[in-house]
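**Q** Structure for this input, please:
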Amino acid sequence: MNVTLMDCTLRDGANVVGKGFDAQLTDLMLDGLTAAHVPIIEFGNAGGIGAYEVAGFTAAETDQTYLDIGRKYVGRGSQLGMFLNAKRYREKNVPLAKEAGLSFLRVGADAGDGDIALQAIRDIKAGGLKAFYSAMKAYLLTPQQLAEEGKKLRDAGLDEITIMDSAGTMLPEQVAEYTRCLVQAVDIPVAFHCHNNLGLSAANAIAAYENGAAILDCGLMGMARSAGNLATEIAVAVFDRLGVRTADLNALLRFIDEKLAPAMEKHNYRAPVVPLDLVFGLAGCHSSNTAALREASKEYGVDIFRLTMAVSAENRKNPSKDLIKQHASKLAAARCL
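**A** Predicted coordinates for the structure are as follows:
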């Protein structure tokens with residue numbers, strides 16, 4: 001079964017820097033995400049479209065600034081959209097998003113408060129956009145109650161509904177039950193939004209996937225409110241292990257390693273798992289090989305991530321320096337063909 005990733009760095013991850021990323025970082029991340037073929041991207045400020053005006057999110061860029069930046073990336077193959085807090089909905093939000101070429105608006109309300117989102121959902125659909133929905137703090141309802149609310153939202157024309165574990169409090173067994181109930185209740189894609197407060201974001205994502213979730217939220221370097229989201233790069237690697245391709249992992253890791261991580265240093269933010277350690281986990285390569293891999297990568301001018309994967313495919317127990325250099329030489333020769 002396939003699964004689609006929705007990267008929320010430029011919305012939920014904006015909490016890392018306050019209310020929203022600046023124009024330069026927004027442009028950088030949209031470029032990196034679309035180049036890595038991440039399928040769905042939610043961007044804007046932390047509070048969603050309209051928050052700058054209605055909720056005083058003036059520390060962020062304006063909605064129009066974000067939309068102008070996003071316009072450059074429409075047509076690159078990723079769906080671009082913005083979050084919309086149902087309490088801040090204004091009719092003008094829909095034509096503004098439509099004119100900028102966005103694919104969707106994702107309305108959000110606390111679980112149990114779905115009624116306040118119905119008008120926004122209808123207007124989004126009438127405006128020619130996809131209407132997504134986030135049931136925030138989904139754990140406020142039982143799985144059965146959330147499923148009933150999901151039916152009402154679907155009947156309003158909803159295209160997708162997200163179970164949002166806003167506090168990162170759910171265990172995998174709970175995620176499985178919530179996802180299973182909602183999938184059985186509605187005939188639209190169900191998504192899951194993990195937070196990592198209990199260190200279970202990856203485990204919960206797998207539980208959601210195994211019980212029918214079609215979309216999983218994530219954030220580059222784990223960026224999000226509080227303890228962060230499931231890291232986008234970790235999600236891609238985990239599903240690679242499961243035989244499900246979600247994005248271009250190598251392009252994503254190169255982007256993080258060479259551009260995003262250095263750019264985030266000024267905000268004192270560091271990924272919980274750096275790219276090379278992530279590749280070690282994916283490949284089954286022990287970190288004691290780091291020095292030899294770095295040396296060969298530098299000597300032959302080859303990508304250390306690809307080199308790690310190639311070496312580990314042959315020997316995960318104790319690869320020699322000679323074996324590592326042999327693979328580095330092969331990668332260098334292949335690059336020249």
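**Q** The spatially closest residue to residue 321 that is not a sequence neighbour: what's it in contact with?
**A** In space, and not counting its chain neighbours, residue 321 is closest to residue 292: 5.0 Å by Cβ to Cβ, 6 or more residues apart in numbering. Bear in mind the C-beta positions are built from the backbone N, C-alpha and C, glycine included. Applying Cβ atoms under 8 Å, 6 or more residues apart in numbering to residue 292 gives the contacts 319, 321, 324.
**Q** Can you tell me the SS state at residue 292?
**A** helix (DSSP: H, G, I helix; E, B strand; the rest coil).
**Q** So it versus residue 329, what's the distance?
**A** Separation of residue 292 from residue 329 (Cβ to Cβ, to the nearest Å) stands at 14 Å.
**Q** returning to what we had before: please flag which of the contacts of residue 292 sit within helices.
**A** Per DSSP state H, helices hold the following members of the contacts of residue 292: 321, 324.
**Q** Now the buried members of the contacts of residue 292.
**A** In these, burial by neighbour count holds for 319, 324, counting by 16 or more other Cβ atoms under 10 Å.
**Q** I'd like the distance from stretch 246-253 to the chain centre, please.
**A** The chain centre lies 12 Å from the centre of stretch 246-253; the measure is Cα atoms, centre = their mean, to the nearest Å.
**Q** Buried residues of it, list them for me.
**A** Here stretch 246-253 shows 246, 247, 249, 250, 251, 252, 253 as buried, counting by 16+ other Cβ under 10 Å.
**Q** so can I have TSV of those residues showing distance to residue 261, pLDDT and secondary structure?
**A** Shown next, in TSV, are the buried residues of stretch 246-253 (distance: Cβ to Cβ, whole Å; pLDDT from 0 to 100; DSSP: H, G, I helix; E, B strand; the rest coil):
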residue	distance to residue 261	pLDDT	secondary structure
246	21	98	coil
247	18	98	coil
249	16	98	helix
250	16	97	helix
251	15	98	helix
252	12	98	helix
253	10	98	helix
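**Q** just these now: which is nearest residue 217?
**A** residue 246 (12.4 Å; Cβ to Cβ).
**Q** hang on, the closest one packs against residue 3?
**A** Yes - the pair residue 246 and residue 3 passes the contact test of Cβ atoms under 8 Å, sitting 6.4 Å apart.
**Q** Mutual contacts of those two, please.
**A** residue 239.
**Q** before we move on, which element is residue 335 in?
**A** Following DSSP states H and E, one finds residue 335 within helix 321-336.
**Q** Next, the buried residues of that helix.
**A** Neighbour counts over helix 321-336 (16+ other Cβ under 10 Å) mark 323, 324, 325, 326, 327, 328, 331 as buried.
**Q** quick one: contacts of it?
**A** Contacts of helix 321-336 with the rest of the structure, by Cβ under 8 Å, 6+ apart, involve 289, 292-293, 295-297, 299-303, 306-307, 310-311, 314-315.
**Q** Equivalent analysis for stretch 184-193, please.
**A** 6, 8, 132, 134, 147-148, 150-151, 154, 158-166, 175, 179, 182-183, 204-205, 208, 212-217, 229.
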